[in-house]
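J.: Sequence and predicted structure are below.
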Amino acid sequence: ETGVTQTPRHLVMGMTNKKSLKCEQHLGHNAMYWYKQSAKKPLELMFVYNFKEQTENNSVPSRFSPECPNSSHLFLHLHTLQPEDSALYLCASSNNGAGLQETQYFGPGTRLLVL
Amino acid sequence: DQQVKQNSPSLSVQEGRISILNCDYTNSMFDYFLWYKKYPAEGPTFLISISSIKDKNEDGRFTVFLNKSAKHLSLHIVPSQPGDSAVYFCAASEGGRDQGAQKLVFGQGTRLTINP
């Protein structure tokens, strides 16, 4: 148990559907992240939120829309996805301050399949 | 261009022997390095880290070595146990950011299999 939970664990959706992924961290951290892991590729950073403010958007298509209502919750809203968006979506959190080197802790991920 | 590379997709080691996983990086601004372990159907679990001011960090059976001049780090597991079978990712980040969250860059992972 890492203190970072994600729901759902598995999701199958059509290209016209709208769905949301949820992440919650119980570690008191102030930064949250979305990563994508496609088959045989490294984890790719998608979005970073620091104290609820988005500080990084790694050229992610607009069909992925993040939302961070508070430091403990992070959502990824999905709409009109493509089959190539099928992947494992991982959420992480960390405690950050200026110049500090902090470890990121990951949730179990949501395995997404787009048909 | 991949800034963090794990050139061995897989590694097989006998139980009780030493496992050595390698990682190379190209960005000389990286100053914090981490190893994560991942089992199927789970998220990556933090294993051990090292700051660029050190060349070695040890935690139980796990030791990470950093060679800054070669831009190379390695993870040693000794003795290897069957429960160590997993995919291992190395990751790196740049420090000195103003109030910013850490941006980790990951390698592709190495699948370690420990044979009984």
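T.: Structure received. Numbering: from 1, shown residues only, chains lettered A, B, ... in the order given.
J.: Which residues does stretch B:37-55 contact?
T.: Surrounding stretch B:37-55, the residues in contact under the criterion C-beta atoms under 8 Å, 6 or more residues apart in numbering or on different chains are A:2, A:4, A:6, A:43, A:90, A:92, A:101, A:103-109, A:111, B:30-36, B:56-57, B:59, B:62-68, B:73, B:75, B:84, B:86-89, B:109. In short, each C-beta sits where N, CA and C put it, glycine included.
J.: Which residue ranges of the chain form helices?
T.: In the absence of a named chain, this looks at chain A. In chain A, no helices are defined using DSSP state H.
J.: where does it dip in pLDDT?
T.: A:1-2, A:97-101 (pLDDT under 70).
J.: ok, now how distant is the most centrally placed residue in it from chain B?
T.: Nearest to the mean C-alpha position of chain A, counting by C-alpha atoms, centre = their mean, stands A:W34 at 2.6 Å. A:W34 sits at a distance of 12 Å from chain B (criterion: C-beta to the nearest C-beta, to the nearest Å).
J.: returning to that earlier point: pull out the buried residues from the contacts of stretch B:37-55.
T.: Among the contacts of stretch B:37-55, those that count as buried by neighbour count (16 or more other C-beta atoms under 10 Å in any protein chain shown) are A:2, A:4, A:6, A:43, A:90, A:92, A:101, A:103-109, A:111, B:30-36, B:57, B:62-66, B:73, B:75, B:84, B:86-89, B:109.
J.: Among the residues you listed, which lie within strands?
T.: A:4, A:6, A:90, A:92, A:105-106, A:111, B:30-36, B:57, B:62-66, B:73, B:75, B:86-89 (DSSP state E).
J.: The residue nearest to the centre of chain A against A:L76, yeah?
T.: Yes - the criterion here is C-beta atoms under 8 Å, and A:W34 meets it with A:L76 at 5.5 Å.
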